[in-house]
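**Student:** Return a 3D structure for these sequence lines:
(2 chains)
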Amino acid sequence: MRWARSLAVCVAMAATGGGCEPAVEPDARFVATQEIKGFDPVFTSDSYAAGAQKQVYEYLVEVHPLKRPLELMPLLAESMPEVSTDGLTYTFRLRDDAYFQDDPCFPGGKGRKVTAHDFVWCFKRLAAIPTSVGRWIFAGKVRGLDDWVERIRKPLRERLDTVNAWYPFEHPDLRPIVAEEVPGLRAPDDRTLRFELTQPHPVFTWLLAMNYGAVYPREAVERHGMEFLNHPVGCGPYRVENYFVYDKKVVYVRNRNWHGQRFPSEGAPGDREAGLLDDAGKELPFLDRVEFVVVPNTQPRWLKFLEGDLEWIETEKEIWGKAMTSEGRLTAELAAKGVRVDRQPRQNAAFTGFNMTDKVIGAPAGDRGRKVRQAMSLAFDRAHFIKVMRNGTWAEPAFGPIPSNVPGYQADVKSPYATRDIEKAKRLLTEAGYPEGRGLPVLKYEMSNSDAVTRNGAEIFKNCMADAGIRIELSSNQWPQFISKIDKKEAQIFGMSWNADYPDAENFLQLFYGPNGAPGSNGTNYSNERYDELYRRMAVMQPGAARDVVIREMLVILNEDCPMSYTDYRVQYCFVQPWLKNFKYTDLDPWLFKYCRIDREEKERRMALAGSRR
Amino acid sequence: MMGYILRRLLYVVPLVLGVSLVVFLIFDSGLLGDPALSQLGKYTTAEDKAQLKHDMGLDDPIVVRYAHFVGRIASLDLGRSSEYHVQVSEMLARGIGPSLSITLPAFLIATTIAVSLSLICAAFRGGPIDRGVLVAAVALMSVSSLVYIIAGQYLLAHRLDLFPTEGFSRGPDAWRFVALPVLIFVFLTIGPDLRFYRTAMLEEIKQDYVRTARAKGVAPSRVLFVHVLRNGMIPILTRVVVELPFLFVGSILLEKFFNIPGLGGITIQGVLSNDMPVVRAMTFIFAILLIVANLLTDIAYTIADPRVRLS
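**Tutor:** Got it, this is the predicted structure:
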């Protein structure tokens, strides 16, 4: 029968396009719930792609894995930047021991030293390519960069490959213009990188910690071109051994050229007691081989976690019911397995947006429209929503657009329309000329997806509105269709949430800035001259009492105009295997494998107890 | 016959044009979202959007846009996925193996079992074996595919540890990952197949030539496996060949739940994310496969039944 088995293996390999090497078991396996869309930071903005990239690429600074509120710490920079007293110049001094991973794109295949000029090239590429999703981090902020972008766009467009939608920034003909000096983005020497801003931008350093701030070698883009997204070349703790988009898996192995780093010796209060500082001062990374797998469906993801195949998983509605008792404790099965729960507030605000260009509920309807929006906000039952949709646990009601853990949050300014009051809602409807909702047309609520969970949430909104006499029609969409409706200002009412790009109130308040209207981030198309003026002033102010005064005034305006009905601020619950050490969910960087350690003895003991196959 | 084949192949042109027009109109209408916007991210402006549309030729007259659309198909340049930015041809090349690794063995197993059982049912028609098999077939058909998948994953994979819960491997251990989906696929398809083939065999077994063969003393097994099976091949071939194109596009549900990177998942993801190049490629390929399958059916008829002539 041996020949039959060999034949079966050959057939399987031929059919699947596989190689001859058997799969090597990784040290750890982490999970993403969406496809990982490649390793080119210019074209990827979602958290899974960013998480995948952050193992390979490095940045000037990174988010501290333990400290709360979130803090930045130097990574490729020797120290935090030197900022001029006027807040306009940021000077970074780079560490001297950072090398790119070995790759055929380098002469002799040997990775070379990372220099400040690499950052300049990468940031210019980010800013210049019209389809770059991260160009906003520098647009309008860096002195002379917009002018330079204007200059390069024309030749870049002339070389556009329309079949592949590719603007070839790396094209040899463009080298002279790419090499032109931009006054606000310069590398005076190999180890110094200097930004000159057009105006102060207090969160500028945070922008550089996003996945767009990655440094990679020009040679890699020149060699791989469009395929760079499948062939990342970085200087981080890991290199990608095996990846092709839609293969549902990225395999990482330790990058032997990495400069090295030690586990932080400081954290937030309680971290030491929780064992999160047990590895303080130890050399990173702890894992040699890691897999980042994509498992979009909840049931297999949950079963794989139970089998010990995944190190941690995020909770969601379906999982919560299986993992927790009605008293909010772990089930006996999970408790016996030693699973622990990690609870961290997220920098996320969920809301129901009202289209301010709509003739019935928007600005054209004037005071009547405002009263209808206020009535809808009053009619919405946040407590019920949280009970049903977040299991009453993993969210807190929202009274404003800024989550309570984000710097700039104003605890004393709460929307007077964010607490359910049906009588008041009816009164406002009557004042708007729609007593008991009579005369008010059926309003359309656009759902962001067609799945059951999204529909459940929308049904709650619909039923709450019905209590006040407001009739709602639900409209099902797929995500691109939904976004398209918002961008075309066709969505009348829509449910959505916003994840912070950086931990600052400004990132939430820009959602209402007039010039950011659709297709920009201001999906409600809210526009208020006074608000816009205050926003412009606030955006360049350093955090402090004076800025808080401005933010409070902005919130009061927003609360009264009510372009959104605030829903909730999410709290992240993660289920963590007992053998995974040093894991603490960090909202902006949930996947930093270099800090994670697997206690192998613990794992073997637990797996033997569970009688699992691994 | 060659003239017939060439004529049938020429039908590809109007068919692909028709299919491409429908697909183009659906995607171009913007009902499923704006392809230009999906590339620009959340911080964008109306000017950026307009400029990108201009650069990509998305603001050309609709006839020009359709001509470009057809031109891509004609040049066999499938372009790049607007969602993943990789070559569609490479996505498809990597997806076909995983899809076929489930659908092909499952199809072969299910067809073999269904045809064999249908012959047994025909031989013992009306008896307890026939009724029992028929009831089992109807029962298999009555259960939702999701039940098979969830129960299979939970009981056979998670509880009994007979298979991996999900996933895929391109290495020599691929068979471990496809075994459970194949098993479920067989369960899903065997019921309707069996009922169809049983009806076809019963039609044949009632024919005069069967009675004559029996009267002449031909052995029952020879009557069944030589005479009845041979003459029942026309409906079998029709069904088998028509199903072939579907094997290439994979099983959407199984690929989704078992997380297998096949063509079914790629197609559905392309539709959901408004990924025009992927959907265009899959539509085109599927249309071609359907035409080829129909042609193969016709040719197979002539082999199965020498009385059939193609003209």
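**Student:** so what pLDDT did the residue nearest to A:Tyr57 when sequence neighbours are not counted get?
**Tutor:** The spatial neighbour of A:Tyr57 that comes closest, neighbours along the chain excluded (C-beta to C-beta, 6 or more residues apart in numbering or on different chains), is A:Ala214 at 3.6 Å. All C-beta atoms are positioned from the backbone trio N, CA, C, and that covers glycine. pLDDT for A:Ala214: 98.
**Student:** what's the neighbour count on A:Ala214?
**Tutor:** When counting by other C-beta atoms under 10 Å in any protein chain shown, one arrives at 28 neighbours for A:Ala214.
**Student:** Which residue ranges of chain B form strands?
**Tutor:** With strands called from DSSP state E, chain B shows none.
**Student:** Please tell me how far the residue nearest to A:Tyr57 sits from A:Asn255.
**Tutor:** A:Ala214 sits 14 Å away from A:Asn255 when distances are taken as C-beta to C-beta, to the nearest Å.
**Student:** Let me know the secondary structure of the closest residue to A:Trp394 other than its chain neighbours.
**Tutor:** The spatial neighbour of A:Trp394 that comes closest, neighbours along the chain excluded (C-beta to C-beta, 6+ apart), is A:Val571 at 4.6 Å. Following DSSP: H, G, I helix; E, B strand; the rest coil, A:Val571 is assigned to strand.
**Student:** Count the neighbours of residue 180 for me.
**Tutor:** I'll assume chain A. The burial count assigned to A:Glu180 is 11, neighbours taken as other C-beta under 10 Å.
**Student:** The chain in question should be chain B.
**Tutor:** The tally of other residues near B:Leu180 (other C-beta under 10 Å) stands at 23.
**Student:** which residues sit in contact with the closest residue to it other than its chain neighbours?
**Tutor:** Nearest-residue entry for B:Leu180: B:Phe163, 4.0 Å, with adjacent residues in sequence omitted and distances by C-beta to C-beta, 6+ apart. Under the criterion of C-beta atoms under 8 Å, 6 or more residues apart in numbering or on different chains, the contact list for B:Phe163 reads B:Gly152, B:Leu156, B:Ala157, B:Arg176, B:Phe177, B:Ala179, B:Leu180.
**Student:** so where's the stretch 201-311 of chain B shaky on pLDDT?
**Tutor:** Of all residues in the stretch 201-311 of chain B, those with pLDDT under 70 make up the ranges B:308-311.
**Student:** Close to chain A: what parts of it are there?
**Tutor:** B:Lys256, B:Phe257, B:Phe258, B:Asn259, B:Pro261, B:Gly265, B:Ile266, B:Gln269, B:Leu272, B:Ser273, B:Asn274 (C-beta under 8 Å from any C-beta of the partner chain).
**Student:** hang on, the third one packs against A:Pro300?
**Tutor:** Yes - in this structure B:Phe258 lies within contact range of A:Pro300 using C-beta atoms under 8 Å: 7.4 Å.
**Student:** Comparing the two, which residue is more hemmed in?
**Tutor:** It is B:Phe258, of B:Phe258 and A:Pro300, that has more neighbours when counted by other C-beta under 10 Å, with 29 against 24.
**Student:** what's near enough to touch the more buried one?
**Tutor:** Contacts of B:Phe258 by C-beta under 8 Å, 6+ apart are A:Pro300, B:Ile149, B:Gln153, B:Glu166, B:Gly167, B:Phe168, B:Phe177, B:Leu180, B:Pro181.
**Student:** Switch those residues over to a markdown table; also include pLDDT.
**Tutor:** What follows is the contacts of B:Phe258, written out as a markdown table (pLDDT from 0 to 100):
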| residue | pLDDT |
| --- | --- |
| A:Pro300 | 92 |
| B:Ile149 | 93 |
| B:Gln153 | 93 |
| B:Glu166 | 91 |
| B:Gly167 | 89 |
| B:Phe168 | 90 |
| B:Phe177 | 92 |
| B:Leu180 | 95 |
| B:Pro181 | 95 |
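**Student:** picking up where we left off before, and of the residues of the stretch 201-311 of chain B next to chain A, the nearest to chain A?
**Tutor:** Taking C-beta to the nearest C-beta as the measure, chain A lies nearest B:Asn274 of these, at 4.0 Å.
**Student:** packing partners for the longest helix along chain B?
**Tutor:** Longest helix in chain B by number of residues, with DSSP state H as the criterion: helix B:88-123. Using 3 or more C-beta pairs under 8 Å, 6 or more residues apart in numbering or on different chains; DSSP states H and E as the contact criterion, the neighbours of helix B:88-123 among helices and strands are helix A:2-16, helix B:128-142, helix B:174-205, helix B:233-248, helix B:252-257, helix B:263-272, helix B:276-304.
**Student:** now the residue most central in space within chain B: how far from B:Leu290?
**Tutor:** Nearest to the centroid of the C-alpha atoms of chain B, with distances taken as C-alpha atoms, centre = their mean, sits B:Phe246, at 0.9 Å. Here the distance between B:Phe246 and B:Leu290 works out to 9 Å (C-beta to C-beta).
**Student:** And for A:Tyr252?
**Tutor:** Counting by C-beta to C-beta, the gap from A:Tyr252 to B:Leu290 is 42 Å.
**Student:** More neighbours: the two, which one.
**Tutor:** More neighbours sit around A:Tyr252 than around the other of A:Tyr252 and B:Leu290, counting by other C-beta under 10 Å; the figures are 28 against 17.
**Student:** Spit out the contact partners of the more buried one.
**Tutor:** If a contact means C-beta under 8 Å, 6+ apart, then A:Tyr252 has A:Gln55, A:Val56, A:Tyr238, A:Arg239, A:Val240, A:Glu241, A:Arg289, A:Val290, A:Glu291, A:Phe292, A:Phe593 as its contacts.
**Student:** backbone phi and psi for it, please?
**Tutor:** The main-chain torsion angles of A:Tyr252 are listed as degrees, to the nearest 10 and equal phi -110, psi 140.
**Student:** Which residue or residues pair with it through a beta bridge?
**Tutor:** Beta-bridge partners for A:Tyr252, by DSSP bridges, are A:Val240, A:Val290.
**Student:** Distance of it relative to chain B?
**Tutor:** 17 Å (C-beta to the nearest C-beta, to the nearest Å).
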